[in-house]
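Colleague: next comes the sequence, and after it the predicted model I'd like to discuss.
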Amino acid sequence: MSRIGKHPVTVPSGVTVTIDGQNVSVKGKLGELSETLPPEVSVEQDDDRIAVAPLKQDKRGRQMWGLSRSLVQNMVTGVSAGFTRELVIAGVGYRAAVDGKMLNLQLGYSHDIKFAIPDDVKIICESPTAIRITGAEKRRVGQIASEIRAFRKPEPYKGKGIRYSDETILRKEGKKK
């Protein structure tokens, strides 16, 4: 039995949900998201709650039950509150700045890295060493954060590079005389 799937998704006020077979569309103040759920589950809406249930109690049906409920929950949360991912830049001379629709990164290379900001994601640099990525779709926000982090991953000796704000870097000791 899925521990996640058995709890219904609560729809806050200001969010409208449309269910058409396996297609679920959610519309709110931050945009509109839609997802096609696996054929192993059924979706029903009662007033301000969305219930997901497996069609068969086999292994695949139970797996898709929890997944589908999480996808619906992420869509509802995304259009109502949104998702945020924060990156921290560490290193002498490492900095970031937003120029219109481009993120300009100076990460110790011989050239600046220019990253085009997609339309569905908003990137803000609060300081030259802090980047905040916000958007309605959780997967998209995480993917963009991962792509920016990949330009200079944190190294274990001095901790220089781009890391998530909640990430801890295991430090190594280095050479001894």
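Modeller: Cool, the structure landed.
Colleague: from here on, just use CA atoms for contacts and neighbour counts.
Modeller: Fine.
Colleague: quick check: closest non-adjacent residue to the residue most central in space within the chain.
Modeller: Nearest residue to the geometric centre of the chain (Cα atoms, centre = their mean): residue 138, 3.0 Å. In space, and not counting its chain neighbours, residue 138 is closest to residue 83: 5.9 Å by Cα to Cα, 6 or more residues apart in numbering.
Colleague: still on that earlier bit, next one, pLDDT for the residue nearest to the centre of the chain please.
Modeller: pLDDT for residue 138: 96.
Colleague: residue 78 is in contact with that one, correct?
Modeller: Yes - counting by Cα atoms under 8 Å, residue 138 touches residue 78, with 6.9 Å between them.
Colleague: circling back to that earlier point, just checking, the residue nearest to residue 138 touches residue 139?
Modeller: No - with contact defined as Cα under 8 Å, residue 83 and residue 139 do not form a contacting pair (9.4 Å).
Colleague: so if I had to pick from those two, which one is more boxed in?
Modeller: Applying other Cα atoms under 10 Å to residue 83 and residue 139 shows that residue 83 carries more neighbours, namely 20 against 12.
Colleague: can you pull the phi/psi pair for the more buried one?
Modeller: phi -120, psi 150 (degrees, to the nearest 10).
Colleague: quick one: it from residue 30, how far?
Modeller: 10 Å (Cα to Cα, to the nearest Å).
Colleague: need the contact list for residue 169.
Modeller: Residues near residue 169 by Cα atoms under 8 Å, 6 or more residues apart in numbering: 154, 155, 156, 159.
Colleague: of these, closest to residue 165?
Modeller: Nearest to residue 165 out of the contacts of residue 169 is residue 154 (Cα to Cα; 11.9 Å).
Colleague: count of residues packed around the nearest residue to that closest one once chain neighbours are set aside?
Modeller: Excluding the flanking residues, the one nearest residue 154 by Cα to Cα, 6+ apart is residue 161, at 4.1 Å. Here the count is done by other Cα under 10 Å, and residue 161 has 21 residues near it.
Colleague: with the one 10 residues further on instead?
Modeller: Residues near residue 171, counting by other Cα under 10 Å, number 11.
Colleague: now swap in residue 27 and tell me
Modeller: Using other Cα under 10 Å, residue 27 has 19 neighbouring residues.
Colleague: state the distance from residue 25 to residue 5.
Modeller: Residue 25 is 19 Å from residue 5, by Cα to Cα.
Colleague: if you count surrounding residues, which of these two has more?
Modeller: Per other Cα under 10 Å, whichever of residue 25 and residue 5 has more neighbours is residue 5, with 21 against 18.
Colleague: correct me if wrong: that one contacts residue 61.
Modeller: No - the pair residue 5 / residue 61 is not scored as a contact, 10.9 Å apart, by Cα under 8 Å.
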